[in-house]
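1. no FASTA, just this:
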């Protein structure tokens, strides 16, 4: 199908591909629903009951636009982080915020640096604005801060993207390593520190960073620990000159009424987050145990998922994934070698992981004999 | 405050201004809440009770991302319009869809045509991508299709924006006029037909347009008649080559779970829409009556608001608006002369319009003596 002739040259050049296929599309193709939804790192433990109540209350008030300044949510986030609201910019998930940040900083030919196989939505946005992506490989299944910094120096990159903890591998660096990396960000470059999974990481993993530090912008989300992926609320923390620039291009009424109310209530219920942390830790151990029982190697994780090394190549891991899907278990896997030898299993409730335990032996058997 | 040095030249050139100030910001400045919220053309009659119930149910499931293909909502919208789902692209409100469409079609220097004083968010997006805005004046308080077409021919415009019914004036053209306009769209140009208010217009106002017609893309929303402005759901109807292009740049998981569920339930409850239409018609008559009692001239409206001619200049109308705000009544007004002589009052419940009726005489008195 040819492009519409009114598209810009850039838009016409973009592929029609999408970052991820949703489980619903796979279910429609299979004609049957998954019995365990463990592929998108959603929090099957759900949102805080207080957040649910707040969203229910907001539903009847949804005839009103949300506050375009997101005042109450920004104020609460600022108080949570002990900073001024000027350093906080909520947005429609980290995906939405990454899109805006890339739009603000990347034009045709602008070099950026990320890891080969890192979160594809960042690369999707960079390509969408004509930027040039330079990658460095993972090192021991971890993103490699030194290599990212060196590549940024070499290419004159405007942006470096690093997720800590990392998705899709679940590995992480300690606060000291990240703080050292911030100190090495080249002049004219910005480090995007994606902390989507930080709520599930060991305490102390997040470095102390002055929110006014212009070298780094942090991204946080209510999608993972807080269990509200379908609400679309994330936020950026950074220097005011940068957070304020979002106002030039963002959809000012894009953060809806239910979204703001739900996030505000979730933030106030840190006890629920503690509960989820405990559930996730239990689930990680169970996933690791199931993996080992099947001769696979779980990779230590600071997230709500576990990357499991299937011990062979990407094609083998893809067969395991397909075998699990055929048995009703939705999971995903890393895209780039050699990390694509792994499958990525999200934390589940005991009944979800029972499905995994039931399905995995046969999926492996099939994958080995194909 | 200087721009961050890492912004693109385009981003650095953009003003920090925003399309609209929210009522919440005005309330914070006043230190007291408005008693009548009649400024943002929200539907104070609320969403369908069935939509509220669907959103409440979805709140507990919001740990799941929404279906990125929005399959069920697209299918229902396609059935509603009697077309193939390929012609339907839901998105985060018309604001969000306009942003994506402008991104797909407008680059630095691309000419576009709109009316002076028309919906500012379109111009916000065009400026945000470096496009050049050419305007034509309203004619008898209506957008002027012939002038828009002529201006598009003269400037070689890529886009023409027309809202029918119009915001901020509430005026409208019949289906035949719009159909004739579509026939005159120059080669290489696309007509954006914003039908945000079509649910409130006389039956038959929407022209019959082949959804495969590449000359026009229509925008619809759940924010107005359906009363879900704070949910952020709109959709584009157009040729598949165009709707499919959105997939190249949109946030694939941007339409959340509650949003999809709420919109689907609202669409199924056309009876509620009939109820709202009747309430809005009653409110328009009451606003007209209150205006006339105060010596002002209501302009006929096919929307959920009435533009009221205050009979003097924009400065006078601004004083009336300020006087109403000081008395707890939130309204807005057109930006560009001579339409800025009007104030714009959204349809309200009887109790909301009682507040208006109480406040207007004093607000006018003050405005006249200042």
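-> Noted; the coordinates are in hand. Note that the structure is predicted; figures quoted are calculated from it, not measured.

2. use CA for all of it now, contacts and neighbours both
-> Will do.

3. ok, now how distant is residue A:75 from residue B:143?
-> Per Cα to Cα, to the nearest Å, residue A:75 is found 41 Å from residue B:143.

4. again with residue A:290
-> 66 Å.

5. more crowded one of these two?
-> residue B:143 (27 against 21; other Cα atoms under 10 Å in any protein chain shown).

6. below-threshold pLDDT in chain A: ranges please.
-> Low-confidence segments of chain A (pLDDT under 70): A:1-2.

7. biggest helix in it by residues?
-> If each helix of chain A is counted by residues according to DSSP state H, the longest one is helix A:270-293.

8. and the contacts of the following helix or strand past that one?
-> The first helix or strand that comes after helix A:270-293 along the chain, using DSSP states H and E, is strand A:297-298. Residues outside strand A:297-298 that contact it (Cα atoms under 8 Å, 6 or more residues apart in numbering or on different chains) are A:287-288, A:291-292, A:306-311.

9. repeat the analysis, applying 10 Å as the threshold.
-> A:284-285, A:287-292, A:306-311, A:342-345 (Cα atoms under 10 Å, 6 or more residues apart in numbering or on different chains).

10. now, of the residues you listed, which are buried?
-> A:284-285, A:287-291, A:306-310, A:342-345 (16 or more other Cα atoms under 10 Å in any protein chain shown).

11. out of these, which comes closest to chain B?
-> Nearest to chain B among those: residue A:345, at 15.3 Å, using Cα to the nearest Cα.

12. and that closest one, what does it touch?
-> Residue A:345 makes contacts with A:37-41, A:168, A:284, A:287-288, A:298, A:304-308, A:321, A:329-333, A:353, A:356, as judged by Cα under 10 Å, 6+ apart.

13. so which helix or strand takes in residue A:266?
-> Per DSSP H and E: helix A:257-268 holds residue A:266.

14. find the helix or strand that the nearest residue to residue A:199 once chain neighbours are set aside is a member of.
-> Nearest residue to residue A:199, sequence neighbours excluded (Cα to Cα, 6 or more residues apart in numbering or on different chains): residue A:225, at 5.6 Å. Using DSSP H and E, no element contains residue A:225; it sits outside every helix and strand.

15. dihedrals phi and psi, residue A:225?
-> phi -50, psi -40 (degrees, to the nearest 10).

16. how near is the nearest residue in space to residue A:308 that is not next to it in sequence to chain B?
-> Using Cα to Cα, 6+ apart and skipping residues adjacent in sequence, the residue nearest residue A:308 is residue A:298, 4.3 Å away. Between residue A:298 and chain B the computed distance is 25 Å (Cα to the nearest Cα, to the nearest Å).

17. and the residue minimising distance to the centre of chain A, what does it touch?
-> In chain A, the residue lying closest to the centroid (Cα atoms, centre = their mean) is residue A:196, at 5.2 Å. By Cα under 10 Å, 6+ apart, the contact set of residue A:196 is A:93-94, A:163-167, A:218-225, A:234-235, A:303.

18. and it, how far from residue B:65?
-> Look at residue A:196 and residue B:65: by Cα to Cα, they are 15 Å apart.

19. do the same with residue A:294
-> Counting by Cα to Cα, the gap from residue A:294 to residue B:65 is 30 Å.

20. need the distance between the two termini of stretch A:9-28.
-> 34 Å.

21. that stretch and chain B in contact?
-> Yes: for stretch A:9-28, a contact with chain B is found by Cα under 10 Å from any Cα of the partner chain, at A:9-25, A:28.

22. next: stretch A:239-256.
-> Yes: for stretch A:239-256 and chain B, the contact criterion (Cα under 10 Å from any Cα) is met by A:239-256.

23. now swap in stretch A:176-189 and tell me
-> Yes: for stretch A:176-189, a contact with chain B is found by Cα under 10 Å from any Cα, at A:187-189.

24. contacts for that stretch?
-> Under Cα under 10 Å, 6+ apart, the answer for stretch A:176-189 is A:105, A:112, A:145-146, A:148-150, A:152-153, A:156-160, A:162, A:164, A:172, A:175, A:190-193, A:204-209, A:213-216, B:4-7.

25. 8 Å instead, please
-> Residues contacting stretch A:176-189 (Cα under 8 Å, 6+ apart): A:145-146, A:149, A:152-153, A:156-160, A:191, A:207-209, A:215-216, B:5-6.

26. which ones are touching residue A:146?
-> By Cα under 8 Å, 6+ apart, the neighbours of residue A:146 are residue A:181.

27. residues in the stretch 51-200 of chain A within reach of chain B, list them.
-> Contact residues, the stretch 51-200 of chain A versus chain B (Cα under 8 Å from any Cα of the partner chain): A:52, A:55-56, A:59-69, A:92-93, A:95-96, A:104-107, A:125, A:128, A:158, A:188-190.

28. buried members of the residues you listed into PyMOL, please.
-> In PyMOL, this line selects whichever of these come out buried by 16+ other Cα under 10 Å:
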select buried, chain A and resi 52+55+56+59+60+61+62+63+64+65+66+67+68+69+92+93+95+96+104+105+106+107+125+128+158+189+190
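
29. inside helices: which ones of the residues of the stretch 51-200 of chain A next to chain B?
-> A:52, A:55-56, A:59, A:93, A:95-96, A:104-105, A:125, A:128.

30. let me know the closest of these to residue A:273.
-> residue A:52 (14.0 Å; Cα to Cα).

31. does that closest one touch residue B:60 like I think?
-> Yes: applying Cα atoms under 8 Å, one finds residue A:52 in contact with residue B:60, separated by 5.9 Å.

32. burial measure for residue A:238, as a count.
-> 25.

33. just checking, it touches residue A:217?
-> Yes: here residue A:238 reaches residue A:217: they are 4.7 Å apart, a contact under Cα under 8 Å.

34. domains in chain A, by residue range?
-> A:9-46+A:271-369, A:49-269 (automatic domain parsing).

35. between the ones you listed, which gets nearest to residue B:119?
-> It's domain A:49-269; of the domains of chain A, that one is closest to residue B:119 (Cα to Cα) at 14.1 Å.
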